[in-house]
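this is a predicted model, with the sequence first.
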Amino acid sequence: MLRSLRHSHCSTVTAVVASSRYLKRRVFSHLKVFDSFYFLEAAPAAFPIGADASSSSVDSRRSPNSAVLVRKGQGQTKLVDNLRHKPGASIQLERAVELADLERVRRPTTPSKFSVVHSASQKCLEESVQAAIKVKNYQKLPELFNDSKEVGRNPNPFSFLSRVSDTEQINVVDEILQSLIHIRPRSRPLAVYSSLLSYVLEIQNSLPLALAIIQRILRSGCLPVPQTHLLLSKAWAERRRQKSTSVSALLLEMELIGYTPDCGTCNYLILSLCRIDQFQEAVDVLRGMGKACIPDVDSYGILIGELSEARKIREVVEMVMEMVGGHGLSPRKEMVLKVLGAMRTNREIWRAAELIEYLESEGVHVDFEAYELALEGCLEDRRCVLAGKVAVRMAGRGFIPYIAVRQRVVEGLVAIGEAELASTLRQRFADLCS
């Protein structure tokens with residue numbers, strides 16, 4: 001006898017008695033696709049009609065090949081093979097398998113209904129956007145995008161612009177960007193910017209225009225969607241492959257269409273290239289920014305931070321020296337700690353000691369956390385003499401290491417026969433404590 005259980009929040013216990021392990025596996029694999037559960041009652045000898053599945057009337061010692069399907073309130077199921085079936089009792093499961101097969105055939109037709117609704121809604125949004133652009137009512141676009149639930153899906157609402165010339169596309173995009181400047185709050189047109197940027201990045205030779213949109217997004221206090229890093233890096237690589245364009249030429253093209261390049265836009269390009277491990281391209285962008293857009297602390301900070309995460313220590317040291325010695329910029333505390341942490345992880349703690357010495361020689365302040373990190377790294381690598389020298393320099397700056405670290409440094413120096421250096425350190429620490 002075949003019956004279906006309706007969904008409910010209360011726990012329901014049903015029993016499925018199967019004489020064949022093969023059929024049992026098929027049934028329970030198909031039961032996963034049902035909206036409600038199907039169960040079979042056994043013959044009177046195995047499962048008396050009207051008996052409760054959870055009651056003691058089902059004796060596990062008399063039912064060798066059965067199973068219990070437990071359905072809980074949240075739709076969780078649990079299969080317990082702890083019942084046994086009385087010898088000689090049999091039940092027909094073919095009907096349950098047939099229903100499961102039929103349900104599987106019917107299931108794939110359900111998403112198609114949503115596809116039709118989605119297509120119609122997306123087409124409606126595109127038509128509304130096209131109508132607003134046709135009458136130059138650009139300030140209505142944020143309202144259209146914010147009210148629609150189809151933003152960010154394909155096709156892009158601005159895809160109809162592909163039917164006009166490149167010059168007309170640039171003019172339309174420029175008019176949209178200019179008309180949205182005065183909208184408050186500034187984050188309100190973000191959906192418009194995102195869709196417009198996604199469309200522009202798919203067009204060939206549109207990188208200056210894409211950078212202009214990114215500039216507008218950043219100035220609105222927002223960030224482009226994460227997938228922009230990949231699309232922007234792809235557009236940059238394609239342009240470099242076709243034209244071998246320098247960064248300065250790209251920024252000049254951006255100026256020609258009416259937008260002034262800034263460090264924020266270039267920094268985002270640097271970050272995008274680093275995210276796909278194009279570090280040399282990122283270095284070329286930073287060094288090619290030129291007079292029109294001079295690299296700042298954030299420009300070097302982004303690049304050095306990404307190089308540190310990739311543990312490219314040699315390149316990190318090179319960029320730090322270029323930043324401090326070449327441009328006179330002082331790295332932030334967070335950046336110094338990140339670099340020293342990468343050196344410690346990479347077992348190149350001697351570079352950390354050299355970097356601290358170089359930064360101080362250039363007049364850059366190195367705080368207690370940086371010294372402590374380098375000192376602990378020296379102790380991890382059992383470089384006791386180097387640890388002693390770092391501790392001496394640390395004491396000279398008025399910093400006192402933690403008690404446990406001080407003891408480890410002194411004991412390590414004594415163990416390798418550097419008693420004189422250990423004594424000097426003790427005296428330095430005693431003077432500072434007093």
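Good, I have the coordinates. Residues are numbered from 1 along each chain as shown.

I'd say Ala353 and Asp381 touch.
No - assessed by Cβ atoms under 8 Å, Ala353 is found out of contact with Asp381, at 10.9 Å. Using the backbone N, CA and C atoms, a C-beta is placed for each residue, glycine as well.

quick one, which of these two is more surrounded?
Higher neighbour count among Ala353 and Asp381: Ala353, with 22 against 15, using other Cβ atoms under 10 Å.

quick check: Leu125 touching Lys149?
No - taking contacts as Cβ under 8 Å, Leu125 lies outside contact range of Lys149: 9.3 Å.

who's more crowded, those two?
Counted by other Cβ under 10 Å, Leu125 and Lys149 do not tie: Leu125 has more neighbours, with 21 against 10.

would you mind measuring from the more buried one to Asn137?
For Leu125, the distance to Asn137 (Cβ to Cβ, to the nearest Å) stands at 15 Å.

do Gln242 as well
On the measure of Cβ to Cβ, Gln242 and Asn137 end up 36 Å apart.

what do you get for Glu315?
Look at Glu315 and Asn137: by Cβ to Cβ, they are 50 Å apart.

could you say which helix or strand holds Arg351?
Using DSSP states H and E, Arg351 sits in helix 349-361.

quick one: list the elements packing against that helix.
Identification of packing neighbours for helix 349-361 by 3 or more Cβ pairs under 8 Å, 6 or more residues apart in numbering; DSSP states H and E yields helix 313-321, helix 333-345, helix 368-380, helix 384-396.

give me the contact list for that helix.
Under the contact criterion Cβ atoms under 8 Å, 6 or more residues apart in numbering, helix 349-361 has outside partners 313, 317, 320-321, 324, 331, 336, 339-340, 343-344, 366, 370-371, 373-374, 377-378, 380-381, 383, 386, 389-390, 393.

buried sites along it?
Buried residues in helix 349-361, defined by neighbour count with 16 or more other Cβ atoms under 10 Å: Ile349, Arg351, Ala352, Ala353, Leu355, Ile356, Leu359.

adding pLDDT, write these out as a markdown table.
A markdown table is the format used below for the buried residues of helix 349-361 (pLDDT from 0 to 100):
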| residue | pLDDT |
| --- | --- |
| Ile349 | 95 |
| Arg351 | 96 |
| Ala352 | 96 |
| Ala353 | 96 |
| Leu355 | 97 |
| Ile356 | 97 |
| Leu359 | 97 |
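
would you turn those into JSON lines with distance to Gly412?
Shown next, in JSON lines, are these (distance: Cβ to Cβ, whole Å):
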{"residue": "Ile349", "distance to Gly412": "14"}
{"residue": "Arg351", "distance to Gly412": "20"}
{"residue": "Ala352", "distance to Gly412": "17"}
{"residue": "Ala353", "distance to Gly412": "15"}
{"residue": "Leu355", "distance to Gly412": "22"}
{"residue": "Ile356", "distance to Gly412": "19"}
{"residue": "Leu359", "distance to Gly412": "25"}
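
picking up where we left off before, adding mean neighbour count, distance to Ser162 and mean pLDDT, write the helices and strands packed on helix 349-361 out as JSON lines.
Formatted as JSON lines, the helices and strands packed on helix 349-361 follow (neighbours: other Cβ atoms under 10 Å; distance: least, Cβ to Cβ, whole Å; pLDDT from 0 to 100):
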{"stretch": "helix 313-321", "mean neighbour count": "18", "distance to Ser162": "41", "mean pLDDT": "97"}
{"stretch": "helix 333-345", "mean neighbour count": "19", "distance to Ser162": "43", "mean pLDDT": "96"}
{"stretch": "helix 368-380", "mean neighbour count": "20", "distance to Ser162": "53", "mean pLDDT": "96"}
{"stretch": "helix 384-396", "mean neighbour count": "20", "distance to Ser162": "61", "mean pLDDT": "94"}
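
among the buried residues of helix 349-361, which two are most distant?
Among the buried residues of helix 349-361, the pair separated by the greatest distance (Cβ to Cβ) is Ile349 and Leu359, at 15.6 Å.

quick one: Phe145 is in a helix?
Yes - the assignment for Phe145 is a helix, going by DSSP: H, G, I helix; E, B strand; the rest coil.

neighbours around the closest residue to Thr265 other than its chain neighbours, how many?
In space, and not counting its chain neighbours, Thr265 is closest to Gln215: 4.5 Å by Cβ to Cβ, 6 or more residues apart in numbering. By the measure other Cβ under 10 Å, the count of residues near Gln215 is 20.

now name the helix or strand holding Gln215.
helix 207-219.

how far does that helix sit from its chain's centre?
Chain-centre distance of helix 207-219: 22 Å, with Cα atoms, centre = their mean, to the nearest Å.

residues contacting Phe160?
Glu126, Val129, Gln130.

what's the answer for Ala235, then?
Per Cβ under 8 Å, 6+ apart, neighbours of Ala235: Leu201, Ser206, Leu207, Ala210.

and these, which two are the farthest apart?
Farthest pair in those (Cβ to Cβ) is Leu201 and Leu207. Separation: 8.2 Å.

circling back: which outside residues touch the helix holding Gln215?
Applying Cβ under 8 Å, 6+ apart, the contact partners of helix 207-219 are 170, 173-174, 177, 180-181, 186, 190, 193-194, 196-197, 200-201, 223-224, 228, 232, 235-236, 239, 250, 253-254, 256-257, 259, 261-262, 264-265, 268-269.

mark which of those are buried, thanks.
170, 173, 177, 180, 186, 190, 193-194, 196-197, 200-201, 224, 228, 232, 235-236, 239, 250, 253-254, 259, 261-262, 264-265, 268-269.

in helices, which of these appear?
Those of the buried ones among the contacts of helix 207-219 mapping onto helices are 170, 173, 177, 190, 193-194, 196-197, 200, 228, 232, 235-236, 239, 250, 253-254, 264-265, 268-269, per DSSP state H.

got CSV for the helices and strands packed on helix 349-361, with distance to Leu273 too?
Formatted as CSV, the helices and strands packed on helix 349-361 follow (distance: least, Cβ to Cβ, whole Å):
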stretch, distance to Leu273
helix 313-321, 14
helix 333-345, 19
helix 368-380, 28
helix 384-396, 35
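
and of those helices, who's closest to Glu411?
Proximity to Glu411, assessed across those by Cβ to Cβ, is greatest for helix 384-396 (8.9 Å).
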